[in-house]
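Novice: Okay, sequence plus prediction incoming.
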Amino acid sequence: MDEKRKIIFSGIQPSGDLTLGSYMGAIRNWVELSDSYDCYYCIVDMHAITVRQDPAELRRRALSQLAQYIACGLDPQKNTLFIQSHVPAHAQLGWILDCYTMFGELSRMTQFKDKSAKNAENINAGLFTYPSLMAADILLYQSDLVPVGEDQKQHVELCRDIAQRFNGIYGDVFTLPEPFIPKTGARIMSLTTPENKMSKSDKDPGGCIYIMQKPEDILRSFKRAKTDSDTENCVRWAPAEKPGVANLMQIYSCATGLTMYEIEAEFAGKGYGDFKLKVGESVVELLRPIRERAEDLMKNKDYLISVYRDGAERAARAASRTMRKVYKKVGFVEP
Ligand code: TYM
């Protein structure tokens, strides 16, 4: 008998353009896993408004993000690609899970602490309860696996705790999800300040690489990337001593499939200048077909609309099965 296929959920906020970090930490693995799982890949616009957004820009980025998902290799026939705000069950379950999430748990979340420090003038309730909405995203689809970068591990662990608490009270309602974090690329750092994560809200434009960026701009950023202030001028895998070089080695490894050992061998006797150029070129070649395909897709808005409508319909159907169970368990009258 055929075993039921396992389920994946993951999402990215359209709070900035997609970065090389999101590609290497998340999307690359989404594509790889998509043949063996039933996948729900979401554009989490409801999460994005926990920080103030320009409405026109948010709308533009959501559509462009969908085009980039497809261009990265996610076939909309095989994967459910959709926009979070189009499936009201996310907000409904989010509220319910708020009532099963503790103030203390939310206060300990690193992303909340970071974001409240960066947005001191707008520490809103949504920013605080962000992780229970994320738990709703994952639990609605009875997800087994959540492919994310290292920074989201804490949120997936909290999601498991919330699910366990709920199941402890009502019986087995939710599947307990596992995070899937890649060995290489789980934490790509800024090119200019390698002690900070590469982030779409990076204030220093040279620190972040975007999927849709022009080749000449990508190459310029890599040429200026910070290496390390040692006198060795040699490409060697030593993350603690040489964080800048280690970051570039991770990027090169993700782009080419080479191991750290093979990268050291390739650049033996060569300096940082050659190395940075080669890493930049590998990223340009990695992103070129994705950018070109996404630009093409953006010319066909009707197609993109049909993809996200179809995705929302499929997602809503799956979500309603979980919501029926949850309504019954918590004691809501059947609608
Ligand atoms: P977000 O939008 O910040 O990032 C999207 C995904 O990209 C990964 N990522 C990185 N990986 C490696 N290096 C980097 N520099 C880097 N920057 C970002 C993130 O780990 C993430 O996997 N809360 C989530 C969005 C979300 C979600 C979900 C994810 C909402 N609901 C449910 C999974 C499941 C976030 O802010 O990701």
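Specialist: Sure thing, it's come through.

Novice: C-alpha from now on. contacts and neighbour counts both.
Specialist: OK.

Novice: ok, how many other residues are close to the residue of the stretch 201-335 of the chain found nearest the ligand?
Specialist: The minimum distance from the stretch 201-335 of the chain to the ligand, using Cα to the nearest ligand atom, falls at C208 (8.7 Å). C208 has 25 neighbouring residues, counting by other Cα atoms under 10 Å.

Novice: Look up how far D98 lies from it.
Specialist: When distance is defined by Cα to Cα, to the nearest Å, C208 is 34 Å away from D98.

Novice: Mind pulling up the pLDDT for the residue of the stretch 201-335 of the chain closest to the ligand?
Specialist: Looking at C208, its pLDDT is 97.

Novice: How about the contacts made by it?
Specialist: Applying Cα atoms under 8 Å, 6 or more residues apart in numbering, we find C208 in contact with 19-20, 190-191, 198-200, 202.

Novice: what does P76 give?
Specialist: For P76, the contacting residues are 70, 307, 311, by Cα under 8 Å, 6+ apart.

Novice: measure it to R28 for me?
Specialist: The spacing between P76 and R28, counted by Cα to Cα, is 16 Å.

Novice: Show me what from the stretch 101-250 of the chain comes close to the ligand.
Specialist: Taking Cα under 6 Å from any ligand atom as the criterion, the stretch 101-250 of the chain approaches the ligand at residues 134, 137-138, 146, 148-152, 185-189, 197-199.

Novice: So which of those residues are in strands?
Specialist: With strands taken from DSSP state E, the overlap with those comprises V146.

Novice: Show the buried residues in the residues of the stretch 101-250 of the chain next to the ligand.
Specialist: Burial by neighbour count, 16 or more other Cα atoms under 10 Å: within those this picks out 134, 137-138, 146, 148-150, 152, 185-189, 197-199.

Novice: Just the ones in helices from those, please.
Specialist: Of those, the ones assigned to helices by DSSP state H are 134, 137-138.

Novice: and the nearest residue in space to V283 that is not next to it in sequence, what element?
Specialist: For V283, ignoring the flanking residues on the chain, the nearest one in space by Cα to Cα, 6 or more residues apart in numbering is A255 at 6.2 Å. Counting by DSSP states H and E, the element that carries A255 is helix 243-256.

Novice: then the helix or strand following that helix to CSV, C-alphas only?
Specialist: Sequence-wise, the next helix or strand beyond helix 243-256 is helix 260-266, with elements assigned using DSSP H and E. Taking Å, rounded to 0.1, in the frame of the first residue of the first chain, the C-alpha atoms of helix 260-266 are listed here in CSV:
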residue,chain,number,x,y,z
MET,A,260,35.5,23.1,1.9
TYR,A,261,38.5,20.9,1.3
GLU,A,262,38.1,21.1,-2.5
ILE,A,263,37.7,24.9,-2.2
GLU,A,264,41.0,25.2,-0.3
ALA,A,265,42.7,23.1,-2.9
GLU,A,266,41.3,25.2,-5.8
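
Novice: pretty sure the residue nearest to V283 contacts V284?
Specialist: No: using Cα atoms under 8 Å, A255 is not in contact with V284, being 9.5 Å away.

Novice: Without its sequence neighbours, what residue ends up closest to L248?
Specialist: V279 (6.9 Å).

Novice: Return the per-residue confidence for that neighbour.
Specialist: We note a pLDDT of 98 for V279 in this prediction.
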